[in-house]
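Engineer: Next one to model:
(chains A, B, C and D)
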2 protein chains.
Amino acid sequence: MLQRNKASRKSRRPGDERILDAAEQLFARRGFYGVSLRDITQEAGVDVALVSYHFGGKRELFTAVFERRAEVLNRERLELLEEVQRAALPGRPTLEAIVTAFTQPLLQRSARGGSGWKSYFALVAYVNNSPEFGPVMMTRHFDPLVDKFIAGLRAALPECPPREIYWGYQFLTGALTLTFAETGRIDALSGGLCRATDLDSVHERLSPYVAAGFRALCERALSQAAKPRARAALAKRRRP
Amino acid sequence: MLQRNKASRKSRRPGDERILDAAEQLFARRGFYGVSLRDITQEAGVDVALVSYHFGGKRELFTAVFERRAEVLNRERLELLEEVQRAALPGRPTLEAIVTAFTQPLLQRSARGGSGWKSYFALVAYVNNSPEFGPVMMTRHFDPLVDKFIAGLRAALPECPPREIYWGYQFLTGALTLTFAETGRIDALSGGLCRATDLDSVHERLSPYVAAGFRALCERALSQAAKPRARAALAKRRRP
DNA sequence: GAATATATTCAACATCTGTTGAATCTGTGT
DNA sequence: ACACAGATTCAACAGATGTTGAATATATTC
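Structural biologist: Numbering: from 1, shown residues only, chains lettered A, B, ... in the order given. Take a look at the predicted model:
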């Protein structure tokens, strides 16, 4: 065979990893259907057929990309959560501490983990908001960990009805994933005052924001619950 | 020609509107690239060529779908904002009132506006989180109105630095659009305690949540700003 | 160093994609 | 009834898509 054009290859990493890297970047930008296998393999400097060989097909490649970093993240976040809980003994960690343990590893890696991590979180934003992929993939890969965080949130707000915790958590992930998408819309809107890529600013602000939100939900629910009881008590007093 | 199969047509609406309806539904579910023109025209009971005839192409159809309801929404939301501001005269409306004016028309229509509106908001969720479409389409069609809401938020929190308002707004839209995506993940996570389709629950909770979040951001910024001044004052006292 | 297993490329496939131009249908005004 | 314009269908196109099987290169084992 003629001399292989090694310059066209992106690095000396094995082909399957180069495919994962390229797929991660492109899926994050244009979603599952917006990218062809030829786009991916061309970016990776590799033949199209390698995808089927290594992963079985496009769909399997997509989930492989999603899984690769999920496991790393879950380990790291679980450790951080447990550390926060240990450090607060014999008491309970604050709401802010738990929210920070949840978000900090993500924001940290997106900001300083390299371009692969940045793409990965944009992909998570895509998946989380997708009616097609969201329920299956997020649930499968993140819910075991999320359950532990929910438990931590409930412990930090013991008097709060669980329903409020779940809604508060959904609002949190919504805010977080839009941040990861880094669409740059806040840049235009604020006239350059805020930058979507400035994840340090997000890190400072997100946990106060959602901690205050959780407390407001909790108070609202308790005052709502108190009113009917007050009315019932009034009715009881009146009747006999 | 043989008898036309009228039963296959979805309604008596003209072809271009049937195409818009079908496209809305399918784009919302699978994004721009996940849907072919044949998917759309088959769902609409219409020939493929009609898309080019009426809209010019797939991309133009996509923006037509996006624009159709955006104008209706913007009018309605602007009226509501102005009404809220008028009702509060001679004072300022509360933070909660402004946030509600922002979210209520959306949640209201998504919950009770019919399946078209429901699809539309899922599409907005897709666009808002898309690095490709988000900056262009959201900015073009919604930013004039959003600027007015931002102004209202600033008036409701006069001592708050503008930067905090923009971040708070971004967290708000993130929470809101994930809600619109209705992926059903919260159903699984909460074991059925919360339902993604229960937008009344969201409506009750979202404005207390984000209003508390805005106030927390504001307080944080003010206390951050106070500290360096205190330190500077201390240093000045020490030096002479 | 031959044998063998793994990794990668090549060429081709059937199918699907968006778009286009000509043909046909449908309704409206005269 | 006719002409005419707008709406809709038909048929076909060139190119892209995911996948596959055979051929070749590279690495590992004996």
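
Engineer: Quickly find the element holding A:R215.
Structural biologist: helix A:199-238 (DSSP states H and E).

Engineer: Run through the helices of chain A in chain order.
Structural biologist: With DSSP state H as the criterion, chain A has helices at A:15-30, A:37-44, A:49-55, A:58-87, A:95-112, A:115-128, A:139-156, A:162-181, A:185-189, A:199-238.

Engineer: and those, which is most packed in?
Structural biologist: Mean neighbours per residue, mean count of other CB atoms under 10 Å in any protein chain shown, is largest over the helices of chain A for helix A:162-181, with a mean of 24. C-betas here are computed from N, CA, C, even on glycine.

Engineer: by contact count, what packs against it?
Structural biologist: Under the contact definition 3 or more CB pairs under 8 Å, 6 or more residues apart in numbering or on different chains; DSSP states H and E, helix A:162-181 sits against helix A:95-112, helix A:115-128, helix A:139-156, helix A:199-238, helix B:162-181, helix B:185-189, helix B:199-238.

Engineer: Tabulate the helices of chain A (a markdown table), appending distance to DNA strand C and mean pLDDT.
Structural biologist: Output for those, formatted as a markdown table (distance: least, CB to the nearest atom of the strand, whole Å; pLDDT from 0 to 100):
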| stretch | distance to DNA strand C | mean pLDDT |
| --- | --- | --- |
| helix A:15-30 | 3 | 94 |
| helix A:37-44 | 7 | 96 |
| helix A:49-55 | 3 | 96 |
| helix A:58-87 | 13 | 95 |
| helix A:95-112 | 27 | 95 |
| helix A:115-128 | 19 | 96 |
| helix A:139-156 | 25 | 95 |
| helix A:162-181 | 23 | 97 |
| helix A:185-189 | 26 | 95 |
| helix A:199-238 | 34 | 83 |
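
Engineer: Out of the ones you listed, which is closest to B:D16?
Structural biologist: helix A:15-30 (27.6 Å; CB to CB).

Engineer: now the closest one against helix A:162-181, angle please.
Structural biologist: Orientation of helix A:15-30 against helix A:162-181 (axes from the mean of the first three to the mean of the last three CA atoms, to 10 degrees) gives an angle of 100 degrees.

Engineer: Give me the distance from helix A:15-30 to the chain's centre.
Structural biologist: 19 Å (CA atoms, centre = their mean, to the nearest Å).

Engineer: do it and chain B meet?
Structural biologist: Yes: interface with chain B: helix A:15-30 contributes A:28-30 (CB under 8 Å from any CB of the partner chain).

Engineer: quick one, that helix and helix A:37-44 angle?
Structural biologist: Angle of helix A:15-30 versus helix A:37-44, following the same axes, to 10 degrees, is 120 degrees.

Engineer: Give me the contacts around helix A:15-30.
Structural biologist: Applying CB atoms under 8 Å, 6 or more residues apart in numbering or on different chains, the contact partners of helix A:15-30 are A:9-11, A:13, A:35, A:39-41, A:43-46, A:50-51, A:54-55, A:61-62, A:64-65, A:68, A:115-116, A:119-120, A:122-123, A:126, B:33, B:131-132.

Engineer: ok, and which of those residues reach DNA strand D?
Structural biologist: A:35, A:39, A:51 (CB under 7 Å from any atom of the strand).

Engineer: Can you say which of the helices of chain A is nearest to B:E76?
Structural biologist: helix A:185-189 (20.9 Å).

Engineer: picking up where we left off before, can the ones next to DNA strand D among the contacts of helix A:15-30 go into JSON lines with extra columns for distance to A:P105?
Structural biologist: Listed next are these as JSON lines, based on distance: CB to CB, whole Å:
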{"residue": "A:V35", "distance to A:P105": "27"}
{"residue": "A:D39", "distance to A:P105": "30"}
{"residue": "A:V51", "distance to A:P105": "30"}
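
Engineer: ok, of those, which one's closest to B:E219?
Structural biologist: Distances from B:E219 to these, taken by CB to CB, are shortest for A:V35, at 44.0 Å.

Engineer: residues near the closest one, how many?
Structural biologist: By other CB atoms under 10 Å in any protein chain shown, 21 other residues sit near A:V35.

Engineer: repeat for A:D47
Structural biologist: 12.

Engineer: ok, so what distance separates the closest residue to it other than its chain neighbours from B:P131?
Structural biologist: Leaving out its chain neighbours, the residue that sits closest to A:D47 by CB to CB, 6 or more residues apart in numbering or on different chains is A:T41, at 6.2 Å. A:T41 is 22 Å from B:P131, where distance means CB to CB, to the nearest Å.
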